[in-house]
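Undergrad: One predicted model, sequence on top.
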Amino acid sequence: MTDLSKIPVTVITGFLGAGKTTLIRHLMANPQGKRLAILVNEFGSVGVDGDILKSCADENCPVENIVELANGCICCTVADDFIPTIEALMAMPHRPDHILIETSGLALPKPLLKAFDWPAIRSRITVDGVVTVADAEAVAAGRFAPDEAAVAAQRAADNSLDHETPLSEVFEDQIACADIVLLSKADLAGAAGLAAARAAINAEAPRKLPMLEMTEGAIDPRLILGLNSRAEDDLAARPSHHDGEDGHEHDDFNTIVIDLPEIADPEVLSAAITRLSQEQNILRVKGFIAVQGKPMRLLVQAVGARVRMQYDRPWGSAARRSQLVVIAEMADVNEAAIRAVLEG
């Protein structure tokens, strides 16, 4: 039985664009009678995911229960941001029954799990489970599951490839910390892609992990909430590339915030984002756009060359401000070129 004196927390991790926010929106719509609170850790100073979730707030998860941590990666700002925020949530007049934490796509989950052993909160909160969302189509394509034989061949030819890329290390750490893996975008991956993704994740996992398929964030909440894993007491079974280190750096990634005027044609913007994915080291583009003659704001979400746009809600009294957040690999990134493509 779960210790009723402790609030259960589900940590939702996964790479950029895997579908974490979509999953949380589904959980908000299906709370199983629980009062939820949500912590959203954006990478960068502009909150997009948090704004999306706040637009879905209701009596089971009111706006005041949705908190954005935008001062840096949550695993690097535990003392400054995470601990005080958790304490504030637990001190609310209506204490949440369950807390969901959406980490940034670049966060290593293990330092966050260690924070649950901090004296200030250890007696009042526990990790119910770590859910890793993996883009099945991307994993099947081998983007974040390196071929060890191929890496060995490259090492023989070039000593500079002695270390894995930062992206692969982040992905592997997220798999290693998971209690369950959700294979998102199952409809796009297809049967063969799902099989390949499962094989790739099994090859990286330190132990056998349950894997469930998911499309558009739809999953029975009973399958991922109430796991009672107490992950903070099980750290030894969750190895990390960064075990033994005091921290990690995100110097390999850069966040660029671009303000735009109202646009006339969303398809032109979509083509520009697609072009960037081909010409620059772009990982993710997300934000809100004002379209001429349209009373609703346009939500933009892009992962690589795949661009998704939808009108999500009226601007109302809010300023019609167009702003995109571009997350890119630092290596050879050309900020001026990125701005020129999007602003042109």
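TA: Yep, it's here.
Undergrad: which residues in the stretch 51-200 of the chain form helices?
TA: 83-90, 109-115, 136-140, 148-157, 166-176, 186-204 (DSSP state H, counting those that start in this stretch).
Undergrad: Could you single out the most deeply buried of those helices?
TA: Highest mean neighbour count of the helices of the stretch 51-200 of the chain: helix 136-140, a mean of 26 (counted as mean count of other CB atoms under 10 Å). In this view, the C-beta of every residue, glycine as well, is placed from N, C-alpha and C.
Undergrad: Just the CA atoms of that helix, as PDB, please.
TA: Extracted C-alpha coordinates of helix 136-140, given in PDB (Å, rounded to 0.1, in the frame of the first residue of the first chain):
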ATOM      1  CA  ALA A 136       8.900   5.200 -31.600                       C
ATOM      2  CA  GLU A 137       9.500   6.400 -35.200                       C
ATOM      3  CA  ALA A 138      12.700   8.200 -34.200                       C
ATOM      4  CA  VAL A 139      14.000   5.400 -32.100                       C
ATOM      5  CA  ALA A 140      13.200   2.900 -34.900                       C
END
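Undergrad: before we move on, the earlier item: could the helices of the stretch 51-200 of the chain be laid out in TSV, adding distance to Thr255?
TA: Shown next, in TSV, are these (distance: least, CB to CB, whole Å):
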stretch	distance to Thr255
helix 83-90	21
helix 109-115	20
helix 136-140	21
helix 148-157	28
helix 166-176	15
helix 186-204	26
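Undergrad: burial of Arg313, as a residue count?
TA: By the criterion of other CB atoms under 10 Å, Arg313 has 15 neighbours.
Undergrad: I'd guess it is in a strand, am I close?
TA: Yes: counting by DSSP: H, G, I helix; E, B strand; the rest coil, Arg313 is found in a strand.
Undergrad: For Gly293, see how far away it is.
TA: From Arg313 across to Gly293, the span is 17 Å (CB to CB, to the nearest Å).
Undergrad: same check, this time on His94
TA: From His94 to Gly293 the distance is 42 Å (CB to CB).
Undergrad: Just want to know which of the two has more residues nearby.
TA: His94 (10 against 6).
Undergrad: Enumerate every residue touching that one.
TA: Contacts for His94 were tallied using CB atoms under 8 Å, 6 or more residues apart in numbering; they are Arg35.
Undergrad: go on, Leu227?
TA: Counted by CB under 8 Å, 6+ apart, Leu227 has contacts 10, 128-129, 179-180.
Undergrad: which SS class is it?
TA: Leu227 ends up coil, using three-state DSSP.
Undergrad: Confirm Ser5 sits in a strand?
TA: No: read with three-state DSSP, Ser5 is coil and lies in no strand.
Undergrad: from memory it sits against Ser123, does it?
TA: Yes: judged on CB atoms under 8 Å, Ser5 makes contact with Ser123 at a distance of 7.5 Å.
Undergrad: Run through this structure and note the low-pLDDT ranges.
TA: Filtered on pLDDT under 70, the chain yields the residue ranges 1-4, 16, 42-67, 69-81, 106, 119-120, 144-167, 242-253, 304, 329-332.
Undergrad: Walking through the chain, point out its strands one by one.
TA: Assigned by DSSP state E, the strands in the chain fall at 7-14, 36-41, 66-69, 98-102, 125-135, 180-184, 211-213, 253-260, 282-289, 296-303, 306-314, 322-329.
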